[in-house]
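Asker: sequence and predicted structure, then a few things I'm wondering about:
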Amino acid sequence: MTGRLASQAVALAAIICTGTANAQSRSEQSAQSLSFDAALARIDDASPGLSGEDHAVRASELMADATRSLHRPVISASASVIEYQKTLSVDLTGPKDNAANAATDFLSQLPGQFPVGFQQIVGQVTQRVGAALPTIFGAIPDTLRYQTRNTVFRPTITAAMPLYTGGAIPAIQAGADAAVDVARAKQAGGHDVSRVGLVRSYFGQQVAAQLTRSTRETLEGFDRHLSDAKKLEQNGVIPHARVLQVQVARDAAERAHVRAQLEEATAADALARLLDQPGGVNALTPLFVNSTPLPPVSVFIDGIDATPRARGADAARDIARAGVGLAKSRYRPQAFAFGSYNANRDNALPTEPDWVAGVSLRYTLLSNFDRKKSLDAAREQERAAADAAAQARRDVASEIVRAWNLVETARRSFLLLDSNLAAARENLRVQRISFFEGEAPSSSLVDAEATLASTQTQRIAAAYEYDLALAGLLATSHRVDDFTTYLARADRRLGDEK
């Protein structure tokens, strides 16, 4: 019963492997084979994140350009239709009494201005006129009231231009320029991170492929061992227990191979999505290692000012400095030139001028916003930004040293594994001969095969660690474009080794 279950398990595993292999074969037929350089050429167009950074930089540049015209006048045109009513009331009591008194005095003096023969006649006339004066002035009301209602169309053109803003406009422009530098530093950082991500995915697929090949070779080796063990059992050289030990090890190797195949498919899918290649991608460039050491770590630290983090921190400090200038401008006067022109003077209100122009000077004597504390806060922000910039340089320097050491550790580990790999292969050869001759137990053969598989896995891992650490070092020091240079002159490539 146990043998039957084992046979069914082996058959099921074979079906799984066959199905996985067929699916992989179909995928490889539609997949596009790309070298690392070709994948690098695709990453910029395939990454929405990089495209978003480009748009952010363009937006900040346009905003900075928009502040260049803050010194220009602001001209606006407006049109309004106004319906109004105006009532005027004038008190005539005093003027009317004064006029009546003046008329009476004039009439009383009028006869004396004529010859004696006419004075009597003039006197009679003035008496009649004087008698009529109360009636005449009585007809004049004590209050004169005037009311008018009209609709006015009022088109106007106004202009205002800053002459002096106390440094507010230069501060705003400096802040906008610094914001552009922040966006560009973020863009450069995103560029470097995308390259590291490509190295991780591209060579991660190669790691998965190498592990698949290694586990397949291990499985094939155990298949041969199992076949030899069965022959030895048939000849009575070894007991059945030793055959079972090899069988167990062979089944474990098959499970590892199936797992490696699935991980390779996962890595291939990740790379295809990263490069926006629905049909899949076959990575052609193998894992590599440069046997020669890297340049001294000081070479990478010397360019620290050009790193995105340092540039971004410097730009943030410039923004804080612009904030100090803006806070200082609140203490200074402001001057503006202004003007207004009425384009419909024939239909204007009586109190409206045809045009007006002038200069206005404004100075805030007392503000409800504490300007001193605002300036102190801006200065503290500037100091904080300066400290952050200094700290950023220290952090980048530490990361460069750490990454450099990781690269060197991976390089040395890879080279030291060469002798281990040769020894593991020789040990397997010797144990295989000894087992076939019945001189060594099956456990020694299993251990030798496991040791070889472990050594091969460690070597693949060391190469991948070298490639990934190298990309991290170059990205941290903003030299990520040099990765292809190290790749081109690499003298150790795993895919070229048999």
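Answerer: Cool, the structure landed.

Asker: from here on, contacts and neighbour counts on C-alpha atoms
Answerer: Fine.

Asker: what's the following helix or strand after the top strand by length along the chain?
Answerer: When the chain is parsed with DSSP state E, its longest strand is strand 143-164. Moving toward the C-terminus from strand 143-164, the next helix or strand (DSSP states H and E) is helix 168-234.

Asker: on contacts alone, who are the packing partners of that next one?
Answerer: helix 36-46, helix 48-66, helix 240-274, strand 281-283, helix 308-329, helix 371-436, helix 442-476 (3 or more CA pairs under 8 Å, 6 or more residues apart in numbering; DSSP states H and E).

Asker: now that helix: how far from the chain's centre is it?
Answerer: Distance of helix 168-234 from the chain centroid (CA atoms, centre = their mean, to the nearest Å) equals 23 Å.

Asker: that helix to helix 371-436, inter-axis angle?
Answerer: 10 degrees (axes from the mean of the first three to the mean of the last three CA atoms, to 10 degrees).

Asker: which is the succeeding secondary structure element to the helix or strand bottoming out on mean pLDDT in the chain?
Answerer: When each helix and strand of the chain is scored by mean pLDDT, DSSP states H and E, helix 2-30 comes last, with a mean of 42. Using DSSP H and E, the helix or strand that directly follows helix 2-30 along the chain is strand 32-34.

Asker: any idea of the mean pLDDT in that next one?
Answerer: What strand 32-34 shows for mean pLDDT is 87.

Asker: show residues contacting that strand.
Answerer: Contact with strand 32-34 is made by Gln277, Gly279, Gly280, Val281, Asn282, Ala283, Leu284, Thr285, as judged by CA atoms under 8 Å, 6 or more residues apart in numbering.

Asker: list the pairing partners of it within its sheet, with orientation.
Answerer: Applying DSSP bridges, strand 32-34 is found paired with strand 281-283 (parallel).

Asker: what's the strand it pairs with in contact with?
Answerer: 28, 31-36, 202-203, 205-206, 268, 271-272.

Asker: follow-up on the earlier one: in TSV, list the helices and strands packed on helix 168-234 along with distance to Ser298 and mean neighbour count.
Answerer: Below are these laid out as TSV (distance: least, CA to CA, whole Å; neighbours: other CA atoms under 10 Å):
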stretch	distance to Ser298	mean neighbour count
helix 36-46	28	16
helix 48-66	30	16
helix 240-274	34	19
strand 281-283	34	23
helix 308-329	17	23
helix 371-436	9	18
helix 442-476	12	22
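
Asker: can you redo the ones you listed as TSV with distance to Gly167?
Answerer: What follows is those, written out as TSV (distance: least, CA to CA, whole Å):
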stretch	distance to Gly167
helix 36-46	41
helix 48-66	17
helix 240-274	48
strand 281-283	57
helix 308-329	5
helix 371-436	14
helix 442-476	38
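
Asker: now for those, which one comes closest to Pro111?
Answerer: helix 308-329 (80.7 Å; CA to CA).

Asker: how does the chain divide into domains?
Answerer: The chain breaks down by automatic domain parsing into domains covering 33-70+167-330+369-496, 76-87+146-164+332-368, 93-140.

Asker: of the contacts of strand 281-283, which is the most crowded?
Answerer: Each of the contacts of strand 281-283 was scored by neighbours using other CA atoms under 10 Å; the highest score is Tyr202's, at 30 neighbours.
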